[in-house]
Structure formats: structure tokens, C-alpha cells
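Enquirer: The following comprises the amino acid sequence and a computationally predicted model.
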Amino acid sequence: MTAAAGICRREDRLMVRMTGDDRVSFLHGMCSNDIVRLRPGALTYALILTDHAHVVADLYVWAEEDALYLDIDRGLWPGTRAHLEKFLVADDVEMELQDDLLIIDVTGPKAGAAAAALVPASSGLAPWSLLRADRQLIANLPRIGLPAFTVVVPKIQAEGALTRLLEAHPGIREVGAGALEVLRVEQGIARVGVDATDKTIALEARLERGISYHKGCYVGQETVERATARGGVKKRLYGVRIDRPGVRAGAAAWLDGKEVGTVTSVAASPRLGLIGLGIMHHNAWTPGAKLILKDADGESSAVVSDLPFE
């Protein structure tokens, strides 16, 4: 994936089509990023938060002339839908699950070449922009900060689309979700539902890229603004370099005899060895600090790393 590109069927994600005259104003008030200024043909990353800025979900919003598409983790959608529907009163908004579509991520330096082999017009797409080609949507979407395109196709067309993507360059391979997880952890990107939960404040998980500080009111804004202005965040996502193989997510992190956090993601990186992510108390924010990780299998030493991992 670092030399050419990896193609992954994102069966863990789904698309929801949001329509209705009030779709833009409603979602603008419900999420952390600026939807009013999102022009058709563009995308943005946003968070759905509680009143206290705890993370319900994160999503990518794809804007077309007649609809918004919510690109969201499949497991987070039921709770997200219930959360959104609590605020739907007289708004003209409809949400329709598009379960006949498959999301395909192409990640790596040759991602653009693969996308252009499928849809030639995509060669001119700037990051965070999209186009529609017949029944396909394609976007230049660097989800984890690496060169990447996302293709959304009807499931009945998926095998043909995958074949054309794979044939674009001899080094392109189909990969599983685990390969993308390694890259995500290396880049220090929190996964909502794993590293951030409904008990995590967005700023603790370093999800600032999904927050606009210039838009109007939205659910959770007051807490975000207060924490930003006062520097009141006492926990924050950091990386750990782990010495012992076999350490799993859920291991408690200890520093100087005190528990300072929990490892939430672990990945075996071909470049970096065994690494992990966890939201740590501010006492453990010093890169190079030595931790003890404790789980059911025993103890392991680890070292704190800032993110992304070097």
C-alpha cells in the first residue's frame, strides 16, 4: 500500500441519503462542521456530539445538488439515527439507508491512477471533492491523511469495478480492513466506537479536524468552545510503542504507580513494531515517558509517543 495502492471493500461502512428542504440547516445544527458552506461536489468530515460534546459518531458528508450522503460506520448508524431523530420536529428531512451500495477505499500513492482507470474524469479531482459518473460516486478522500480515493458503487457492479481498479497498476492489491487499521494507528487517527466513545469529549480524541470554530450554534458547541478557550482537557489521545507481543486493547497504562489510561487500539506495524493508541491522563503526555501496561496476560513496558508515530 505504501508503494502502489491497496483496495479495500469497506463493508463496515454504509451510506445514508439525506433529502428534504431542511437537510442542510438541520445537519448544520446537529454536527460540528460547516454544512451551510459545503458546496455540491465537496465533502467534509464532521462529528455528531451530545450536549456535553461526547462523541456519538463521526461521518463524512458528501454534498450533491439534491441530497447529502452520510458516509458512516455501520455499527454507529443505529445510535446516530436515534440521536438525530430526537431533534427532528417539523423539519423537512428524510434519511434513507442505501444498503444497495458498496464503499470501496483505494489507499496509496497510486490511488489516483486506479480511480482514473475506473472514471477518467476523476484524475482532476482535488482532495475533498467528488463527482458522479452514472450510478457511481467517486471522491478524492484522504480519510487518514494519506493519498486515497473512495468509490461508491451499486453492489451489483462491485466486482467489475474492483477488477478495473486492480488492473490500473501491477502493484495494486486488494487488502483487508486490518491493513487499513495498521495505517490508521500509525497516523494516530482515533476510531469512534473504539478509541472514542459516548464518554469521550471530542477534543480528548484529537478530532479537531472535524470541528469548525467559525460556524453558528450546534449541539455540543458550548463544551467544545469552553474546553478550547480554557485549555480544560485533562486527557488526550497518545501513542504507545509496546515491547511485548500479545498486548491487546483494554490493557491499563500505569505511570509511576498510578493508572493513567487504557490502550484502545493495537496494531502490528511492519515499520514500527507493535504500537497502540490510548487516551492518557495529562501526567503521561511526555513523549518518551515509560509506561507499564497491565492486562490478563501480565505486564509489558511501553513508551509514550506523540502522534502521528514517527
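Expert: Everything's here; your move. Residues are numbered from 1 along each chain as shown.
Enquirer: okay, CA-based contacts and neighbour counts for the rest of this
Expert: Will do.
Enquirer: how about the helix or strand bottoming out on mean pLDDT in the chain: buried residues?
Expert: Ranked by mean pLDDT, DSSP states H and E, the weakest helix or strand in the chain is helix 221-230, scoring a mean of 84. Neighbour-count burial for helix 221-230, counted by 16 or more other CA atoms under 10 Å, picks out 221, 223, 224, 227.
Enquirer: correct me, but the last one touches residue 221?
Expert: Put plainly, it is residue 227. No: using CA atoms under 8 Å, residue 227 makes no contact with residue 221, being 9.9 Å away.
Enquirer: hmm, back to that, list the contacts of the least confident helix or strand of the chain.
Expert: Contact partners of helix 221-230, identified using CA atoms under 8 Å, 6 or more residues apart in numbering, comprise 32, 51, 52, 53, 202, 203, 213, 232, 233.
Enquirer: any idea which element the last one lies in?
Expert: When you say that, I think you mean residue 233. Using DSSP states H and E, residue 233 sits within no helix or strand.
Enquirer: Which residues are in contact with it?
Expert: 203, 204, 227.
Enquirer: 10 Å - rerun?
Expert: 201, 202, 203, 204, 224, 226, 227, 281, 282 (CA atoms under 10 Å, 6 or more residues apart in numbering).
Enquirer: what's the distance between it and residue 138?
Expert: Distance from residue 233 to residue 138, counting by CA to CA, to the nearest Å: 37 Å.
Enquirer: Please apply the same query to the fourth one.
Expert: Separation of residue 53 from residue 138 (CA to CA) stands at 31 Å.
Enquirer: picking up where we left off before, ok, of the contacts of residue 233, which one's closest to residue 96?
Expert: Using CA to CA, residue 202 comes nearest to residue 96 of the contacts of residue 233, at 26.8 Å.
Enquirer: could you list every residue that touches the closest one?
Expert: So residue 202 contacts 32, 47-49, 52-56, 58, 192, 196, 208, 210-211, 220, 223-224, 233, 236 (CA under 10 Å, 6+ apart).
Enquirer: Apply 6 Å and report the result again.
Expert: Counting by CA atoms under 6 Å, 6 or more residues apart in numbering, residue 202 touches residue 55.
Enquirer: helix or strand for the nearest residue to residue 123 once chain neighbours are set aside, which one?
Expert: Spatially, and ignoring its direct neighbours in sequence, residue 123 is nearest to residue 116 (5.3 Å; CA to CA, 6 or more residues apart in numbering). Applying DSSP H and E as the criterion places residue 116 in helix 111-118.
Enquirer: looking only at pLDDT, what's the mean for that helix?
Expert: Average pLDDT, helix 111-118: 94.
Enquirer: now the residue nearest to residue 182 when sequence neighbours are not counted, what's its secondary structure?
Expert: With CA to CA, 6+ apart as the criterion, residue 182 has its nearest non-adjacent residue at 5.4 Å, and that residue is residue 267. Recorded secondary structure, residue 267: strand (DSSP: H, G, I helix; E, B strand; the rest coil).
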